[in-house]
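Visitor: what's the 3D shape of this:
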Amino acid sequence: MSTQNYHYTLWLWLEGMFPRRLNYFLLMKGLVSTPMDLLQGTTNVPNLRIVKMRPDMETGSWKFDSEADALPRGTSTPCLRVTDTQTGRERWVYESVSILSYFESIFRGHGLTLLSLDPLDVAATNDIIGVINLAMAEGGTYMRHACPAMAAWSGLKNEDRSHAAALNSYGIMVKDLRKVQIWAEDTLAETGWLTPGVQGPGLADITLAAGRRYLELGYGWDIFEREELKVLAAWYKRFKNTLPWWDALEEREDVHPKEMMLGKEYREV
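Guide: Down below sits the predicted model:
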């Protein structure tokens, strides 16, 4: 698919959970050269522009380098605007997984192959990503009920929090992650990765690793801490050790806003 008639504008809060998926993708595809380039919003593709966002901790709103770059109404981060440079028509892609799959299709010739062309492999990848997203949603519900600060940020009144709800969501999250292990069992045995039909980490791996890292940084939470998730714990260690840019991106001093780094002591259950 030719991309020369389109311009791509990608809004990213680089430290966020779902934007983090795009961080990993852009580096693995070689669409940005280095973590420093990513942090500066510099890409290797003339028609791909990154708009960096950052939270204003005082107002709870977003900050941008210019008002012209403000996040469009009705969107969140990440989101992608695709502009036809010949007609001026704009179309939007709103969800991280949709952006990942779209970018993989149009930038297939760049960098690593992150999604198989085989229809069954694609279906299996979508199954795994779907249950990963369910697990992340349950993890979010757990955090809102277990951590007062998270509840406040999410608009949940403290008196409406429930430790029982927190533990229920935690259990469902673990069940979903066990399902990931089972569904990816053959692929993990063959290649060591979650994404079928590719020789290295692919879209399913990116999707889960970003969530795992974000929750560790923000809340001191290893979501693979349970014994029944030891396969995923080993997979995550392998993922980090495989990527040559991991330390420069994810172990830097300013990897996450200090105001948003809540240790496990902030979780009540």
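
Visitor: what's the helix or strand harbouring residue 231 packed up against?
Guide: Here residue 231 sits within helix 230-242, counting by DSSP states H and E. Helix 230-242 sits against helix 163-183, helix 203-219, with contacts defined as 3 or more CB pairs under 8 Å, 6 or more residues apart in numbering; DSSP states H and E. For glycine as for every other residue, the C-beta is placed from the backbone atoms N, C-alpha and C.

Visitor: which one, of those, ends up nearest to residue 107?
Guide: Among the helices and strands packed on helix 230-242, helix 203-219 comes nearest to residue 107, with 12.6 Å by CB to CB.

Visitor: any idea of the angle the closest one forms with helix 230-242?
Guide: 90 degrees (axes from the mean of the first three to the mean of the last three CA atoms, to 10 degrees).

Visitor: domains for the protein, by residue range?
Guide: 6-106, 119-266 (automatic domain parsing).

Visitor: tabulate the ones you listed (CSV), appending mean pLDDT and distance to residue 112.
Guide: Listed next are the domains of the chain as CSV, based on pLDDT from 0 to 100; distance: least, CB to CB, whole Å:
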stretch, mean pLDDT, distance to residue 112
domain 6-106, 94, 5
domain 119-266, 96, 6
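
Visitor: picking that back up, for the helix holding residue 231, list every residue counted as buried.
Guide: 231, 232, 233, 235, 236, 239 (16 or more other CB atoms under 10 Å).

Visitor: from what I see, the third one and residue 224 are in contact.
Guide: Yes - between residue 233 and residue 224 a contact is recorded at 4.1 Å, counting by CB atoms under 8 Å.
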